[in-house]
Structure formats: C-alpha cells, structure tokens
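K.L.:
Here is a sequence together with a model predicted from it:
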Amino acid sequence: MANALLSIQIIPHTPNGESVIPYVDRVIDIIKATGLPYRVAPLETTMEGDMDRLLEKYPDGQ
C-alpha cells in the first residue's frame with residue numbers, strides 16, 4: 001500500500017483538573033516506539049508510513 005499521513009490528537013479529560021501532559025507524553029512514547037517518522041505539532045501529531053502499518057495497534061508501545 002502507498003505511504004500515507006495520519007494525524008492524531010489526544011485531549012484527555014482528567015479528574016480534578018490534573019495535568020494532561022503525562023498522558024500526552026505516553027502517547028508520543030507509543031508513537032516513537034513504532035519506528036515510523038512523526039512530527040509533533042501544537043494541536044496534533046502526524047505520522048507517515050504505509051497505511052496498514054499506521055493502523056496497527058500498539059497498546060504497550062511495542
């Protein structure tokens with residue numbers, strides 16, 4: 001399959017107004033672990049790669 005771009009945005013809702021940064025950082029760690037090229041921007045993170053690979057599940061960052 002051809003290369004594609006996939007952009008995602010995580011907007012966690014935390015109890016008691018806790019910081020969302022640890023949740024966003026965890027998602028970026030999982031994206032990093034894919035080995036695919038990615039770019040973190042203020043409102044979204046965009047990954048590039050084969051569509052099948054982009055849509056694989058990476059529940060534990062592996």
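P.N.:
Thanks, I have the structure now.

K.L.:
Show me what counts as buried in stretch 33-51.
P.N.:
Of the residues in stretch 33-51, Thr34, Tyr38, Thr45, Met47, Gly49 count as buried by neighbour count, 16 or more other Cβ atoms under 10 Å. Yep, even glycine has a C-beta here, placed from its N, CA and C like the rest.

K.L.:
Which of the residues you listed fall in strands?
P.N.:
Among those, DSSP state E puts Tyr38, Thr45, Met47, Gly49 in strands.

K.L.:
one step back: nearest to Arg26 among the buried residues of stretch 33-51?
P.N.:
Thr45 (12.3 Å; Cβ to Cβ).

K.L.:
Helices of the protein, start to end?
P.N.:
21-33, 51-54 (DSSP state H).

K.L.:
Let me know which of the ones you listed is the nearest to Ala4.
P.N.:
Evaluated over the helices of the chain, closeness to Ala4 peaks at helix 51-54, with 4.6 Å, by Cβ to Cβ.

K.L.:
Can you give the distance of the closest one from its chain's centre?
P.N.:
Mean-position distance between helix 51-54 and its chain equals 13 Å (Cα atoms, centre = their mean, to the nearest Å).

K.L.:
who's in contact with it?
P.N.:
With Cβ atoms under 8 Å, 6 or more residues apart in numbering as the test, helix 51-54 has contacts from Met1, Ala2, Ala4, Leu6, Thr34, Leu36, Met47.

K.L.:
And the fifth one, what's its pLDDT?
P.N.:
Confidence per residue is given as pLDDT, and for Thr34 that number is 90.

K.L.:
Single out whichever of the buried residues of stretch 33-51 has the smallest pLDDT.
P.N.:
For the buried residues of stretch 33-51, the least confident entry is Thr34, with 90.

K.L.:
Report whether the expected contact of it with Met47 is present.
P.N.:
Yes - using Cβ atoms under 8 Å, Thr34 is in contact with Met47, at 7.2 Å.

K.L.:
Which one of the helices of the chain lies nearest to His13?
P.N.:
Of those, nearest to His13 by Cβ to Cβ is helix 21-33, at 9.7 Å.
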